[in-house]
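generate a structure from the sequence data that follows.
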Amino acid sequence: MIKYRTRFDKIEAIEVERETEKQVFLPAKHGNRSIRENKVSEWSNWHDSWELAHNFLVAKAERDVESLRMRLKQAKGRVGQIRGMKPPEQN
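Reported below is the predicted structural model:
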C-alpha cells in the first residue's frame, strides 16, 4: 500500500509493507528485517493520502507564520519600550 510521508516541506509517496496504529513497516532492504518507523515523529509524519499530507504541511506552515507574527509584535513592543526610555534623573 502507498502512504505519504511528510518530512520538512516535502511529501513522498512510499510503498509500505504493513502498518499498525502507531507505526509503518517499510520493505526489507538486502534481505534484512522490515524497517519500522513511527507514524508521528519529530522529523516526519505519515498520512493516508497526498491531500492529508498536503493539508498537514499547510497547517504547519500557517502555525509557523502565526508564531512569527506574534514574535514580531513582541519585538516591536520591545523596540517601543526601549525607544521610550529616559535617562535617570540626576540630583
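
phi, psi of the nearest residue to Asn38 once chain neighbours are set aside?
Spatial nearest neighbour of Asn38, excluding adjacent residues (Cβ to Cβ, 6 or more residues apart in numbering): Gln23 at 5.7 Å. Every residue, glycine included, has its C-beta placed from N, CA and C. Dihedral pair for Gln23: phi -140, psi 160, per degrees, to the nearest 10.

near Gln23, how many other residues are there?
14 (other Cβ atoms under 10 Å).

next: Gln90.
Gln90 has 4 nearby residues by other Cβ under 10 Å.

give me the three-state assignment for it.
Here Gln90 is recorded as coil under DSSP: H, G, I helix; E, B strand; the rest coil.

wouldn't the residue nearest to Asn38 be in contact with Glu37 here?
Yes - Gln23 is within contact range of Glu37, at 6.5 Å (criterion: Cβ atoms under 8 Å).
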